[in-house]
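> predicted coordinates and the sequence they were generated for:
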Amino acid sequence: MNPERIQLDIRGTVQGVGFRPFIHRLASEFGLSGTVCNTVDGVTVEAEGSPDALRSFLTAIEPRKPERSSIRSLECRWFAAKGASGFEILESRPNGEKTAMIAPDIATCSDCLAEIIDPTNRRYRYPFTNCTQCGPRYSLIEALPYDRQNTTMRAFTMCSRCRAEYEDPTNRRFHAEPNACPDCGPKLTCRDSSGKILTSGADSFERAAEAIRDGRIVALKGIGGFQLVVSAVNEGAVTLLRERKHRAEKPFALMVPSLEMAAILCEISPMEERLLQSPEAPIVLLNRKDVQALEIDGRDEILARSIAPGNPAFGIMLPYSPLHHLLLRRLGTPVVATSGNVSEEPIVTDDEEAVARLGGIADLFLTHDRPITRPVDDSVVRVALGRELVLRRARGYAPLPVSFEKGPSVLAVGAHLKNTVAQSHGENVFISQHIGDLENEETSAVFKEAVQVIGRLYEKPAEAVAADLHPDYRSSRFAETSGLPVVKVQHHYAHVLSCMAENELTGAVLGMAWDGTGLGDDGTIWGGEFLVVGPEGYTRAAHLRTFRLLGNDRAVKEPRRSAVGVLHEIFGNGLMKQEDLRSLKSFSRAERTTLHSILTSGVNSPVTSSMGRLFDAVCSILGIRHIQTYEGQAPMELEYAARDAETNEFYEPLVRSGIVDWEPLIRGILEEMKKGVKIQVLAAKFHNTIVEQAVGVAKTAGVENIALSGGCFQNTYLLEKLVSRLREEHFRPYWHQRVPPNDGGLCLGQISAAFRELKKKN
């Protein structure tokens, strides 16, 4: 049979994941000749051989591709053979439209880990070891295609041994772009709090480990930025970190040396175990066990109580870089590993900036000379309904795209809180890493850089920009100055569209968008919304009964203010006479007089239908928390209280004329509090009532597909109860998995809305 030739254009996550070496090995296995190379839109393969061998090669690509790769499209064309000999990897082709998918940063593989702990290996204890299956990607790439000269590794010239690995088709470092070793790669440096160099090389690592053991705070330069690290078995060190970082109660994440130690501290399901050990290596929220001490090297070590005060869960991650593996093995104990920043600021990536911004927090800096292109924080996930639920999408996940319909190139600038940005390109929406709350100039600068990066990497100028309806969000103001046509998108509509896009839903959907705040079409603050979404837009089918937010933004930090707004709707001007109400008791008499004045005048107390603020209110009414020290603290504690009760009881689930009325459940709570019913039972009945009301709205709307989105659905008790009840009533509920339900997923929905608007105009 005469030889033939095939040309393959493969698109997807096929750069930075060992795809070209894989193709080389596979072609050699089937006796084929030809070439493979990176292009700006993926990988192109030309292979020659017998028709049977070519067909076998073609059908083997998908099932045998590298673990971290994904194929979105594979176009194959057949031609006459050219008479090629041998199979080689060609230089990348830099021209053309850039659509290749950039791989995220990938946790250390087992082969590289084995090398760094092997005293006979030349990479023994080398903290920058990597191969085609692991290591930094997104945090060091500057342009496409993914080649060394387009990364921050271009400053390091490979030595002869590394070059030999790079050019050897049988070596797992064959075309591993960040390949390096102690002779030619990045090196560690240890600095004091003023930035003065103390040691270099391996001594730096030892000095940092000693400092952590001694209870000092070390700023460690990781994959995507600095982390602040202290011993988790030193109460004084953790408390000091809280003081210096200005982080009163918000839980710290733990990094533990092994899965076995994680299992001592927490309950771990098979799905949670998979996530902990996955290449994404996120922080996984796990239910903690009642463990008083850890036995380490024959001694009992007490875990610091201030790691996650009052929280029944730990955020646990395993070491994900060689540096983390080496440090945790050296210490043998868990460490607190939290973002290298002052609260509310972005993580630091640059050495000089780290000394300037973290010098008042860290006692020591463990840094290195490999530049970080962009800040990439640790991702946070939990398991709900047996599935992964991403709460913060960053390292390991970003910038992988969501598959979407082909359309114009649209930039979406996201929300004000938990900001991420996105841009559509071809049949994909590329979503940035978690940026954070746009509350200050530092985070705003990272936001603007992310917008530039997402456009620069693909060299595809946006034709329009989608932004939130709220005119005062920094992201919305940025959109207005972009010079592009602006599509304003209502906040909760974007939430629903985000869930629909992730779940590839078309047709009519009833969206339940529940969160803290978002500007509504009527100028009030929405947040407990039931939107029927169809091809032409949306209608507001129902919403939570409104109440006032006393002090506007102050109510976000003080759940008791939301509680007073709710209680005033029930008791009216007689509220201040209700002396036994716990929310009122938390205010002084003078403060109550001021509150009464605000309620009667309506000054600085906007009307809201926010489900998130209702959760705040109930948390305060129950006396669980009146003032929160971090966003979401009150609803989290209300969820934890509900989990401690085993009841399916609920109050009257009143829904009338499209209004989800919470008054019967609030009155029920107040009556049962007087009877001495446990707070945990009341918290559970509150959740259960909200669920029954939602099911009632679904029955009235009569739409089979239900999309659940918004920050309230980070609450797994609520999510699991609602999904279960909707299924019992024969609805088809959908929720988020790889895109956050909170505002971190809003940009995806904004792009979907923009597509709809632009289609109407065309």
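Nice, thanks for sending it over. Residues are numbered from 1 along each chain as shown.
> just after the longest helix belonging to the chain, pick out the following helix or strand.
If you go by DSSP state H, the chain has its longest helix at helix 679-701. With elements assigned by DSSP states H and E, the helix or strand that comes after helix 679-701 is strand 705-709.
> from the contact counts, what lies against the helix or strand following that next one?
As assigned by DSSP H and E, the chain's next helix or strand after strand 705-709 is helix 716-728. Under the contact definition 3 or more Cβ pairs under 8 Å, 6 or more residues apart in numbering; DSSP states H and E, helix 716-728 sits against strand 380-384, helix 633-643, helix 679-701, strand 705-709, strand 732-734. Every C-beta, even on glycine, is put in place using the N, C-alpha and C of the backbone.
> tabulate these (CSV), appending distance to residue 135, mean neighbour count and mean pLDDT.
Output for the helices and strands packed on helix 716-728, formatted as CSV (distance: least, Cβ to Cβ, whole Å; neighbours: other Cβ atoms under 10 Å; pLDDT from 0 to 100):
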stretch, distance to residue 135, mean neighbour count, mean pLDDT
strand 380-384, 21, 22, 95
helix 633-643, 35, 23, 96
helix 679-701, 43, 21, 98
strand 705-709, 34, 26, 98
strand 732-734, 35, 18, 95
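> would you turn these into JSON lines with distance to residue 583?
Converted to JSON lines, those look like this (distance: least, Cβ to Cβ, whole Å):
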{"stretch": "strand 380-384", "distance to residue 583": "30"}
{"stretch": "helix 633-643", "distance to residue 583": "12"}
{"stretch": "helix 679-701", "distance to residue 583": "14"}
{"stretch": "strand 705-709", "distance to residue 583": "29"}
{"stretch": "strand 732-734", "distance to residue 583": "33"}
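> follow-up on the earlier one: quick one: the longest helix of the chain to chain centroid distance?
Between the centre of helix 679-701 and the centre of its host chain there is 28 Å, according to Cα atoms, centre = their mean, to the nearest Å.
> can I get it in PDB, CA atoms only?
Extracted in PDB, the C-alpha atoms of helix 679-701 (Å, rounded to 0.1, in the frame of the first residue of the first chain):
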ATOM      1  CA  ILE A 679     -30.400  27.900  67.900                       C
ATOM      2  CA  GLN A 680     -29.100  25.100  65.700                       C
ATOM      3  CA  VAL A 681     -32.700  23.900  65.100                       C
ATOM      4  CA  LEU A 682     -33.900  27.400  64.300                       C
ATOM      5  CA  ALA A 683     -31.000  27.900  61.900                       C
ATOM      6  CA  ALA A 684     -31.900  24.700  60.100                       C
ATOM      7  CA  LYS A 685     -35.600  25.600  59.900                       C
ATOM      8  CA  PHE A 686     -34.700  29.000  58.400                       C
ATOM      9  CA  HIS A 687     -32.700  27.300  55.600                       C
ATOM     10  CA  ASN A 688     -35.400  24.700  55.100                       C
ATOM     11  CA  THR A 689     -38.100  27.400  54.800                       C
ATOM     12  CA  ILE A 690     -36.100  29.300  52.100                       C
ATOM     13  CA  VAL A 691     -35.800  26.100  50.200                       C
ATOM     14  CA  GLU A 692     -39.600  25.400  50.300                       C
ATOM     15  CA  GLN A 693     -40.300  29.000  49.200                       C
ATOM     16  CA  ALA A 694     -37.900  28.500  46.200                       C
ATOM     17  CA  VAL A 695     -39.700  25.300  45.300                       C
ATOM     18  CA  GLY A 696     -43.000  27.100  45.400                       C
ATOM     19  CA  VAL A 697     -41.800  29.800  43.000                       C
ATOM     20  CA  ALA A 698     -40.500  27.100  40.700                       C
ATOM     21  CA  LYS A 699     -43.900  25.400  40.600                       C
ATOM     22  CA  THR A 700     -45.600  28.700  39.800                       C
ATOM     23  CA  ALA A 701     -43.000  29.500  37.000                       C
END
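> just the angle for that helix relative to helix 633-643, thanks.
100 degrees (axes from the mean of the first three to the mean of the last three Cα atoms, to 10 degrees).
> just the angle between helix 679-701 and helix 716-728, please?
Helix 679-701 and helix 716-728 meet at an angle of 40 degrees, taking the same axes, to 10 degrees as the criterion.
> could you give the angle of helix 679-701 to strand 705-709?
Helix 679-701 and strand 705-709 meet at an angle of 140 degrees, taking the same axes, to 10 degrees as the criterion.
> helices of the stretch 351-500 of the chain, residue ranges please.
In the stretch 351-500 of the chain, the helices defined using DSSP state H, counting those that start in this stretch lie at 351-358, 441-456, 474-480, 491-502.
> mind telling me what element residue 600 is part of?
Counting by DSSP H and E, residue 600 is found in helix 589-601.
> please apply the same query to residue 619.
Using DSSP H and E, residue 619 sits within helix 611-621.
> tell me the angle that helix makes with helix 633-643.
70 degrees.
> quick one: low-confidence parts of this structure?
Residue ranges of the chain with pLDDT under 70: 1, 93-101.
> so what are the domain limits for it?
Structurally, the chain divides into domains by automatic domain parsing as follows: 4-89, 188-368, 399-502+742-761, 543-734.
> hang on, the earlier thing: how far does the helix holding residue 619 sit from its chain's centre?
That offset, for helix 611-621, works out to 25 Å (Cα atoms, centre = their mean).
> what sits against residue 456?
Shown in contact with residue 456 (Cβ atoms under 8 Å, 6 or more residues apart in numbering): residue 143.
> from residue 423, how far off is it?
With distances taken as Cβ to Cβ, to the nearest Å, residue 456 is found 10 Å from residue 423.
> and if you look at residue 260?
Distance from residue 260 to residue 423, by Cβ to Cβ: 42 Å.
> related to what we said a few turns ago, and the contacts of the helix or strand that the helix holding residue 600 is followed by?
The helix or strand immediately downstream of helix 589-601 is strand 607-608, counting by DSSP H and E. Strand 607-608 is touched from outside by 517, 524, 525, 526, 527, 546, 547, 548, 549, with contacts defined as Cβ under 8 Å, 6+ apart.
> give me the neighbour count for the nearest residue to the first one once chain neighbours are set aside.
Going back to what we said before, that points to residue 517. Computed as Cβ to Cβ, 6 or more residues apart in numbering, the closest residue to residue 517 that is not its neighbour in sequence is residue 525, at 5.0 Å. Around residue 525 there are 21 other residues, counting by other Cβ atoms under 10 Å.
> distance check, residue 525 against residue 626.
Shown here: residue 525 relative to residue 626, a distance of 21 Å by Cβ to Cβ.
> ok so, going back, which one of the helices and strands packed on helix 716-728 lies nearest to residue 480?
strand 705-709 (25.7 Å; Cβ to Cβ).
> and for that closest one, what's in contact with it?
Strand 705-709 has contacts (Cβ under 8 Å, 6+ apart) with 495-496, 498-500, 503, 505, 507-514, 533, 698, 719, 722-723, 726, 731-736, 741, 745, 749.
> just the buried ones from these, in PyMOL syntax?
Buried residues among the contacts of strand 705-709 (16 or more other Cβ atoms under 10 Å), as a PyMOL selection:
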select buried, resi 495+496+498+499+500+505+509+510+511+512+513+514+533+698+719+722+723+726+731+733+734+735+736+741+745+749
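> compare residue 260 and residue 423 (neighbour count), which wins?
residue 423 (27 against 8).
> verify the stated contact: the more buried one with residue 407.
No: Residue 423 lies out of contact with residue 407 (Cβ atoms under 8 Å); the separation is 11.7 Å.
> ok, which pair from the contacts of strand 607-608 is furthest apart?
Spatially, the most separated pair among these is 526 and 548, at 14.4 Å (Cβ to Cβ).
> higher neighbour count, the two?
The neighbour count for residue 526 versus residue 548, taken as other Cβ under 10 Å, is higher for residue 526 (28 against 23).
> how near is the more buried one to residue 490?
Distance from residue 526 to residue 490, counting by Cβ to Cβ: 8 Å.
> again, but for residue 456
30 Å.
> and for residue 4?
Counting by Cβ to Cβ, the gap from residue 4 to residue 490 is 55 Å.
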